[in-house]
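Chemist: I'll drop the sequence and a predicted model, then ask my questions.
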Amino acid sequence: MQDMLDKTIVATRYVLAVFFLGLGVGLALYALRFLWKLGQLAGAILEPDESVFLIALLHLVDSALIGSLIVMLVVSSWDSLVSRLDAETAPNRVSWLAKLDPGNLKIKLATAIVAISSIHLLQIFMRVGSYNDRDIAWSMALHGLFIAAALALAIMDRLHGSEDSTGEKK
């Protein structure tokens, strides 16, 4: 009885596939939105105000960072929680995955969030007249919190001593 219960509980990890596939579908939809934004960028090429073109370009950079964040999260979470991906035999060679331990993943995710926040803050600064002082202050405060959180994660990871994918201290 205990053995069957253990196997059932361990098998529930495959329920995560629904979430990861859902994120994949969301990423595909986000890619369509990216193409739409790219079309807008092409339409803004003749815009006399260069800041309009630059803001549209920043939207594309922001989209690429968000897409990368989703892929990193899905692939590394699948590898660590559901089923190990073999970097050597994987169809698309995910050799980078072997270097992505949980501490490293947290730092990469936090860094991506700070980068996304930075782009949003830059977009606000480029249209500073469109925002009131309160919105600007809140955006800067939130960005500061993201930076502080990323630094705290990095410090905690350093103090804890980063472990590699086998669980051994580096």
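Modeler: On my side now, so go ahead. Bear in mind that the values here come from a model prediction, so they are computed numbers and not experimental data.
Chemist: ok, the residue positioned nearest the centre of the chain - contacts?
Modeler: Residue closest to the average C-alpha location in the chain (Cα atoms, centre = their mean): Leu69, at 2.0 Å. Neighbouring residues of Leu69 by Cβ atoms under 8 Å, 6 or more residues apart in numbering: 109, 112-113, 116. Placement of C-beta: from N, CA and C, glycine included.
Chemist: Check the average confidence over whichever strand or helix holds it, would you?
Modeler: Using DSSP states H and E, Leu69 maps to helix 50-77. For helix 50-77, mean pLDDT rounds to 85.
Chemist: After it, which helix or strand is next? Please name it.
Modeler: helix 102-126.
Chemist: Please work out the average pLDDT along that following helix.
Modeler: 84.
Chemist: Mind listing residues that contact it?
Modeler: By Cβ under 8 Å, 6+ apart, helix 102-126 touches 51, 54-55, 58-59, 61-62, 65-66, 68-69, 72-73, 76, 80, 100, 131, 135-136, 139-140, 142-143, 146-147, 149-150, 153-154, 157, 160, 162-163.
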